[in-house]
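> missing the sequence, but the structure's below:
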């Protein structure tokens, strides 16, 4: 008689069975192609409590089980000022999914919300700094963030439309402020729609960003509100109606940049003009 699986085991199995093509295979593709995990690594898997980071935690657990690479994992949760309900939801999901989290506190929400200007940008930078510091304190040499394929596409278009520059999001990078530390993005090749389907398939509910600035557009009728990223999401959906492969075209384009055709570009902060070698 077959042993009845526990809920967390059913959820784990769905990753490598039901969503093998959409989630597990792209995950392995990203880890291998971009050389994200190496022997001797101690990786702080950073969990915000949302769908992306919680799935990343499960993927990294599974990788640890099946990989021949010798590495360690720490599942790090920073509480930037969550309300009681959100903090409880994160802890309950971690217990349900059998993710052994390490929690530490900060006051980032209070600082960012009262700073004016661009609170989301400030919040993101402060979060990353706190995560690097805590990870290094715990003996880690890498932090893993849950940015996915769709984030990469949206960031590229945001830079073009609102930042007046062609820039992408790297699958890994060295920290400029914490010597010896790296940031990796193991979900670089996984589409957001697959993550959403996985969560719904397993009846999982995760927190959204708990900041009051996000509530303004999360609860809006059109789902856009004041977020430029939400506007880009809607634009891509419209473009996909005529060209279903448009996301992959954008993704491939950032891997095939033809510098010979650009009148100018920046490298390591220094501007280069095509006239320099004309």
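On my side now, so go ahead. Bear in mind the structure is a predicted one, so any value in this text is a computation, not a measurement.
> Could you use CA atoms for every contact and neighbour count after this?
Will do.
> The stretch 51-200 of the chain: helices as residue ranges?
Along the stretch 51-200 of the chain, counting by DSSP state H, counting those that start in this stretch, helices occupy 51-66, 84-96, 108-113, 119-137, 149-163, 192-201.
> Please tabulate those helices in a markdown table, including the columns distance to residue 173, mean neighbour count and mean pLDDT.
As requested, the helices of the stretch 51-200 of the chain are exported to a markdown table (distance: least, C-alpha to C-alpha, whole Å; neighbours: other C-alpha atoms under 10 Å; pLDDT from 0 to 100):
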| stretch | distance to residue 173 | mean neighbour count | mean pLDDT |
| --- | --- | --- | --- |
| helix 51-66 | 18 | 19 | 97 |
| helix 84-96 | 28 | 15 | 93 |
| helix 108-113 | 23 | 18 | 64 |
| helix 119-137 | 13 | 17 | 81 |
| helix 149-163 | 14 | 18 | 95 |
| helix 192-201 | 22 | 15 | 97 |
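> what about those, which gets the closest to residue 179?
With C-alpha to C-alpha as the measure, helix 119-137 is the member of the helices of the stretch 51-200 of the chain nearest residue 179 (9.5 Å).
> helices or strands up against the closest one?
Using 3 or more C-alpha pairs under 8 Å, 6 or more residues apart in numbering; DSSP states H and E, the elements in contact with helix 119-137 are strand 72-79, helix 108-113, strand 142-144.
> still on that earlier bit, what's the closest of the helices of the stretch 51-200 of the chain to residue 273?
Evaluated with C-alpha to C-alpha, these place helix 149-163 nearest to residue 273, the distance being 18.6 Å.
> State the next helix or strand along the chain beyond the helix or strand of the chain with the lowest mean pLDDT.
The least trusted helix or strand in the chain, going by mean pLDDT, DSSP states H and E, turns out to be helix 212-218, with a mean of 46. Next helix or strand after helix 212-218 toward the C-terminus (DSSP states H and E): helix 228-242.
> just to revisit the earlier point, got the helices of the stretch 51-200 of the chain as a markdown table, with distance to residue 207 columns?
Putting the helices of the stretch 51-200 of the chain into a markdown table (distance: least, C-alpha to C-alpha, whole Å) gives the following:
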| stretch | distance to residue 207 |
| --- | --- |
| helix 51-66 | 8 |
| helix 84-96 | 6 |
| helix 108-113 | 15 |
| helix 119-137 | 17 |
| helix 149-163 | 18 |
| helix 192-201 | 12 |
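> Residue 265 versus residue 275, what's the distance?
11 Å (C-alpha to C-alpha, to the nearest Å).
> Who has more neighbours out of those two?
Between residue 275 and residue 265, counting by other C-alpha atoms under 10 Å, residue 265 is the more crowded of the two (14 against 8).
> In space, what's closest to the more buried one - neighbours in sequence excluded?
The shortest distance from residue 265 to any non-neighbouring residue, by C-alpha to C-alpha, 6 or more residues apart in numbering, is to residue 272 (5.4 Å).
> Might one say that the one you found is in contact with residue 264?
Yes: assessed by C-alpha atoms under 8 Å, residue 272 is found in contact with residue 264 at 5.6 Å.
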